[in-house]
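**Q** Sequence first, then the predicted structure, then my questions.
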Amino acid sequence: MARVHELRLERDGSARTLPYLIAVMLFLAALAIAGASSLHGAVGGWQATAESQLTVEIAHRADADMAALEAAAVERLRQIPGVATATALPEAELRRLVSPWFGDDEVTAKLPLPRLIDVRLDAAAGLDPETIAARLAETVPEAHVEDFRPWMAPLVRFARAMQLVALSVFLLIAGATATIVVFATRAGLASQSAVIEVLHLVGAHDAYVARQFERHFLRLTIAGAVPGLVLGVAAALALQGLAAQVDIPLVSGFHIGVAGWIAMALAGPALALLVVATTRYTVISALRRMM
Amino acid sequence: MVRFQNVGMRYANGPEVLRDISFELAPGSFHFLTGRTGAGKTSMLKLMSLSHRPSRGLVTMFDQDVSRAARADLVALRRRIGVVFQDFRLLDHLSAVDNVALPLRIAGAPANQIGAHVRELLSWVGLEDRMDARPPTLSGGEQQRVAIARAVIARPKLLLADEPTGNIDTTMGHRLMRLFVELNKIGTTVVIATHDESLIARFPNPLLVISQGELRTVPAGVPAFAEAAPADGDAGNG
């Protein structure tokens, strides 16, 4: 015998809009996950940069041999345990960097530019900028260590707050979905109360009734989840593509990681699980109030 | 099988529709439950079909106190009870076959065994040509036969029927009564609610006479209404 559905839940109008709502919820969930995931990746990148990179600046002094100071500083830096590399920025490169503001080569050639040394740290060594500055000062007192962390910290805090917002959106989506399902289930219970009474009287367990509700709402969820998730993933891909075209490292660093894509793929089943669990809880709770 | 001790029943906060009901049905017995319209027959059947709990008193069925039994424990008891409702309560969107198969399907019987069994029973009640028809397309008598088939398909230990021959011609009514009698012979306890005195006279069995919410037992062959109280109107549906 073919599967028989004693409850005619598909006739209950209150649940007809559920697929549309689920589609919207999953679209928003996909975007929230994309935002949280890309921010997570970006923050990780920023923090790694701040912790593993710093710049040493030697201010220009007309009475000093700048090349000798630079060489001494590079040499001293390389001797400090935990410094992976110390590379002086070539003077020509320095002048090229300032040329957009000062124009032709004749002017930039006469500018008293500082010497810059790019320092990469071995992250495992846990070397802090203050230690480096103290050791460097023993050899080149004029050297100044530029630490990225102070100005990176507020940015990271902001990004973390945005991640919390994304998580809150996700929780709100779950809460709203559960609420909608509770009301739709209660409407279904009310419209099918006569049939449910017959099922009970011929020996049906509450779980038998609940399973029919679960299957019905699962079908509606899948009907909404597939298009919602597809649209959400498409939107996330489009945003990632647009971010990659922006020539600003802070923005172009936005990239949805593998964990983000996995989370998006799991959002559908997770929402379906939530719907089924909410339906079951609502049905069983309501039936317990009957004899 | 069934024992009521000082049972009272009321709907919500309304007046008591059954008062101090005490009786016992032995396994394999056959009783008519009778009384005037509104006397409380349907309320009695609701208690015996485990559709409602008593407001007071003790109801014991299959040696279990169902007055205070847990909900989950009632399921197994209900599977031992077949009920023919006065308003049939068939599921309109299911065929006659699927309606009759309902108790077996719910009990988890193998699908390949359900079909043949159900079709055989429907043929027996004269519905061999209407098996795939849905209740709204069946006459009142045909719906009643489907309801009866659904009540007996799982070979219940207790069969409760509320006016089971009310919409059926006399010949078919007697045929269905013989079905109840045959079930009774193989051990099913039968309680049939009716106010059809000719039916009671044709199938003499002990009576449970309900009047103004109170019940008395009358041995087989004694006229039920000769001693009954005047018109009743205090009960729920019957």
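**A** Received the coordinates, thanks.
**Q** rest of the way, CA atoms for contacts and neighbours
**A** OK.
**Q** Output the longest helix belonging to chain B.
**A** Ranked by number of residues, the top helix in chain B under DSSP state H is helix B:170-185.
**Q** Mind listing what's buried along it?
**A** Buried residues in helix B:170-185, counting neighbours by 16 or more other Cα atoms under 10 Å in any protein chain shown, are found at B:172-177, B:179-181, B:183-184.
**Q** how about the residues of the stretch 101-250 of chain A that lie near chain B?
**A** For the stretch 101-250 of chain A, the residues in contact with chain B (Cα under 8 Å from any Cα of the partner chain) are A:195, A:198, A:200-205, A:208.
**Q** What confidence value was assigned to the nearest residue to residue A:170 once chain neighbours are set aside?
**A** Closest residue in space to residue A:170, ignoring its immediate chain neighbours: residue A:29 at 5.7 Å, by Cα to Cα, 6 or more residues apart in numbering or on different chains. pLDDT recorded at residue A:29 is 93.
**Q** Surely residue A:29 is in contact with residue A:169?
**A** Yes: Residue A:29 is within contact range of residue A:169, at 7.5 Å (criterion: Cα atoms under 8 Å).
**Q** which of the two has more neighbours?
**A** residue A:29 (29 against 18; other Cα atoms under 10 Å in any protein chain shown).
**Q** helix or strand for the more buried one, which one?
**A** For residue A:29, the element it lies in under DSSP states H and E is helix A:18-52.
**Q** ok, now how distant is residue B:66 from residue B:57?
**A** 11 Å (Cα to Cα, to the nearest Å).
**Q** Of those two, give the one with the bigger neighbour count.
**A** Per other Cα under 10 Å, whichever of residue B:66 and residue B:57 has more neighbours is residue B:66, with 21 against 17.
**Q** ok, the more buried one - contacts?
**A** Shown in contact with residue B:66 (Cα atoms under 8 Å, 6 or more residues apart in numbering or on different chains): B:50, B:53, B:58-60, B:74.
**Q** Including neighbour count, pLDDT and distance to residue B:13, could those go into a markdown table?
**A** Formatted as a markdown table, the contacts of residue B:66 follow (neighbours: other Cα atoms under 10 Å in any protein chain shown; pLDDT from 0 to 100; distance: Cα to Cα, whole Å):
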| residue | neighbour count | pLDDT | distance to residue B:13 |
| --- | --- | --- | --- |
| B:50 | 21 | 94 | 20 |
| B:53 | 22 | 91 | 14 |
| B:58 | 20 | 95 | 20 |
| B:59 | 26 | 95 | 20 |
| B:60 | 18 | 95 | 24 |
| B:74 | 20 | 92 | 24 |
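**Q** Return the subset of the residues you listed lying in helices.
**A** Among the contacts of residue B:66, the members found in helices (DSSP H) are residue B:74.
**Q** In the contacts of residue B:66, find the pair that's most separated.
**A** Using Cα to Cα, these reach their maximum pairwise distance at B:58 and B:74, which is 15.1 Å.
**Q** what's the spacing between stretch B:84-102 and its chain's center?
**A** How far stretch B:84-102 lies from its chain's middle: 15 Å, per Cα atoms, centre = their mean, to the nearest Å.
**Q** Buried residues, it. List them.
**A** Buried residues in stretch B:84-102 (16+ other Cα under 10 Å): B:84-86, B:88-91, B:93-102.
**Q** Contacting chain A as well, which ones from those?
**A** The subset of the buried residues of stretch B:84-102 lying close to chain A, counting by Cα under 8 Å from any Cα, consists of B:89, B:91, B:94, B:98, B:102.
**Q** Could you list the low-confidence segments of chain B?
**A** Chain B contains residues with pLDDT under 70 at B:223-238.
**Q** How about the residues of it by chain A?
**A** Proximity of chain B to chain A (Cα under 8 Å from any Cα) is limited to residues B:49-53, B:71-72, B:75-79, B:81-83, B:89, B:91, B:94, B:98, B:102-103, B:106-107, B:111-112, B:115.
**Q** Mind doing that once more with 6 Å?
**A** B:75, B:78-79, B:103, B:106, B:111 (Cα under 6 Å from any Cα of the partner chain).
**Q** neighbour-wise, which of the residues you listed leads?
**A** Result: residue B:103 is most packed of the residues of chain B next to chain A (other Cα under 10 Å), 25 neighbours.
**Q** Which strands or helices does the top helix by length along chain A pack on?
**A** Counting residues, the longest helix found in chain A (DSSP H) is helix A:149-191. Packing contacts for helix A:149-191, counted by 3 or more Cα pairs under 6 Å, 6 or more residues apart in numbering or on different chains; DSSP states H and E, involve helix A:18-52.
**Q** in the helix it packs on, what's buried?
**A** Judged by neighbour count using 16+ other Cα under 10 Å, the buried positions of helix A:18-52 are A:18-43, A:46-47, A:49-52.
**Q** go on, stretch B:19-27?
**A** For stretch B:19-27, by 16+ other Cα under 10 Å, it's B:19-23, B:25, B:27.
**Q** low-scoring stretches of the stretch 1-150 of chain A, by residue?
**A** A:1-2, A:104.
**Q** Identify the residues contacting the residue in chain A that chain B sits nearest to.
**A** For chain A and chain B, the shortest gap (Cα to the nearest Cα) falls at residue A:203, measuring 4.8 Å. Listed by Cα atoms under 6 Å, 6 or more residues apart in numbering or on different chains, the contact partners of residue A:203 are B:75, B:78-79.
**Q** What count of nearby residues applies to residue A:13?
**A** Residues within reach of residue A:13, counting by other Cα under 10 Å, total 12.
**Q** how does chain A divide up, domain by domain?
**A** Chain A is divided into the following domains under automatic domain parsing: A:9-47+A:152-288, A:60-141.
**Q** What is the burial count for residue A:82?
**A** Counted with other Cα under 10 Å, residues neighbouring residue A:82 total 19.
**Q** what are the ranges of the strands in chain B?
**A** B:2-10, B:16-25, B:30-34, B:56-61, B:64-65, B:81-84, B:158-162, B:189-193, B:207-211, B:214-218 (DSSP state E).
**Q** Distance to residue A:8 for those strands - can I get that in a markdown table?
**A** A markdown table is the format used below for the strands of chain B (distance: least, Cα to Cα, whole Å):
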| stretch | distance to residue A:8 |
| --- | --- |
| strand B:2-10 | 32 |
| strand B:16-25 | 34 |
| strand B:30-34 | 35 |
| strand B:56-61 | 33 |
| strand B:64-65 | 34 |
| strand B:81-84 | 22 |
| strand B:158-162 | 26 |
| strand B:189-193 | 31 |
| strand B:207-211 | 38 |
| strand B:214-218 | 40 |
